[in-house]
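In: Pasting the sequence and the predicted model now:
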Amino acid sequence: MSLRDAPPSPDGGVIGDFLDPFEDRAALAARLDAAAGVVGHGIFAPALTADVLIATGGRIDHRVLR
């Protein structure tokens with residue numbers, strides 16, 4: 001986990017980026033949901049995801065999920 005260089009929200013919350021590789025989105029979502037202090041995450045269930053955009057440096061990869 002890496003904290004973003006951004007000011008805290010009005011209620012003191014911060015944004016962290018999970019940078020470790022993972023294969024199972026549902027398992028990672030459950031792990032984050034169970035973590036104390038995590039208010040929300042941007043991981044959607046596989047059935048709700050049609051495509052993914054991944055930004056790395058100045059490059060953007062578009063992956064269509066089937």
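Out: Cool, the structure landed. Quantities reported herein were computed from a predicted structural model and do not represent experimental measurements.
In: can we go C-alpha only for contacts and neighbour counts from here?
Out: Will do.
In: what pLDDT does R66 get?
Out: Note for R66: predicted pLDDT of 66.
In: Likewise for L32?
Out: pLDDT, read off for L32, is 91.
In: try A27
Out: 90.
In: Then it would be within a strand, right?
Out: No: assessed with DSSP: H, G, I helix; E, B strand; the rest coil, A27 is helix; it does not lie in a strand.
In: Report how many residues lie close to it.
Out: 12 (other CA atoms under 10 Å).
In: And it, how close does it get to V14?
Out: 23 Å (CA to CA, to the nearest Å).
In: Same check on P7?
Out: 7 Å.
In: host element of L53?
Out: strand 51-56 (DSSP states H and E).
In: what's that strand packed up against?
Out: Helices and strands touching strand 51-56, by 3 or more CA pairs under 8 Å, 6 or more residues apart in numbering; DSSP states H and E, are strand 59-64.
In: got the angle between the strand it packs on and strand 51-56?
Out: 160 degrees (axes from the mean of the first three to the mean of the last three CA atoms, to 10 degrees).
In: outside of strand 59-64, which residues touch it?
Out: 50-55 (CA atoms under 8 Å, 6 or more residues apart in numbering).
In: now do 6 Å
Out: 51-54 (CA atoms under 6 Å, 6 or more residues apart in numbering).
In: what's the least confident helix or strand in the chain, going by average pLDDT?
Out: strand 51-56 (a mean of 86; mean pLDDT, DSSP states H and E).
In: for the residue located most distally from the centre of the chain, helix, strand, or coil?
Out: Distance from the centre of the chain peaks at P10, with 21.2 Å (CA atoms, centre = their mean). Following three-state DSSP, the label given to P10 is coil.
In: need the contacts of strand 59-64 in a markdown table with neighbour count and distance to F18, can you?
Out: Formatted as a markdown table, these follow (neighbours: other CA atoms under 10 Å; distance: CA to CA, whole Å):
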| residue | neighbour count | distance to F18 |
| --- | --- | --- |
| D51 | 11 | 19 |
| V52 | 11 | 16 |
| L53 | 10 | 16 |
| I54 | 10 | 13 |
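In: between those residues, which is nearest M1?
Out: I54 (17.2 Å; CA to CA).
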